[in-house]
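1. Structure here, sequence nowhere to be found:
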């Protein structure tokens, strides 16, 4: 095995985790991508699952587990979350709506940071909330720039279409009205890492009565600006 550390089991476990970085995988896909024997790949994936470094999605496929994010936060290395808090507060104050930051994990998206409205009607999405990748403007953003195969798999059962995602890529933002939850509208834009890959989505959400049937007309510019600021911070911190 190339670039061996000399500790075979750790090298093989790293192969499994590296294979899952690109998305959910069946056991057969793990075997194909890692070159490990099927019993070895299965044994390692199950052991990593026990330690929450690997998890399963709704289809039973292996995905990266929540323990990885917890370790990153504990080590103080999660620059994205540290940078997001003040930017989300500015976005909330500018728009008057709740602001969130989402990351994708397998077939779901997780709210990893938020700035709530201090008064009045709130549409609270607590940090740690797990939401579907099948509906909502943030789900559109997190899927729109994926590789074609993964994008088309993500459209199965989705409330939006490939045409909608094409428009998201062209405009650089997305909007949804009553798509994830009746009566709620949202606008989202992509956050990019140093390589240009979409790593998160910045959103504002609120009741349709305030945001209207075309919420992007009110808030797209502010949401895109916030996402761009966060992208710039991420690119600076990785240099």
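-> Nice, thanks for sending it over. If you're wondering where the values come from, they're calculated on a predicted model, not measured in any experiment.

2. would you say residue 135 is within a helix?
-> No - counting by DSSP: H, G, I helix; E, B strand; the rest coil, residue 135 is not found in a helix; it is coil.

3. so it makes contact with residue 164?
-> No - Residue 135 lies out of contact with residue 164 (C-beta atoms under 8 Å); the separation is 11.3 Å. Using the backbone N, CA and C atoms, a C-beta is placed for each residue, glycine as well.

4. residue contacts, residue 162?
-> Shown in contact with residue 162 (C-beta atoms under 8 Å, 6 or more residues apart in numbering): 151-152, 155.

5. That should have said residue 37, apologies.
-> Contact analysis of residue 37 by C-beta under 8 Å, 6+ apart lists residue 31.

6. Of the contacts of residue 162, which belong to strands?
-> Counting by DSSP state E, the contacts of residue 162 place none of their members in strands.

7. Now tabulate those residues in JSON lines and tack on pLDDT, neighbour count and distance to residue 221.
-> Converted to JSON lines, the contacts of residue 162 look like this (pLDDT from 0 to 100; neighbours: other C-beta atoms under 10 Å; distance: C-beta to C-beta, whole Å):
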{"residue": "151", "pLDDT": "92", "neighbour count": "14", "distance to residue 221": "26"}
{"residue": "152", "pLDDT": "90", "neighbour count": "13", "distance to residue 221": "31"}
{"residue": "155", "pLDDT": "94", "neighbour count": "15", "distance to residue 221": "28"}
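
8. any chance of those residues in TSV, plus distance to residue 223?
-> Shown next, in TSV, are these (distance: C-beta to C-beta, whole Å):
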residue	distance to residue 223
151	22
152	26
155	23
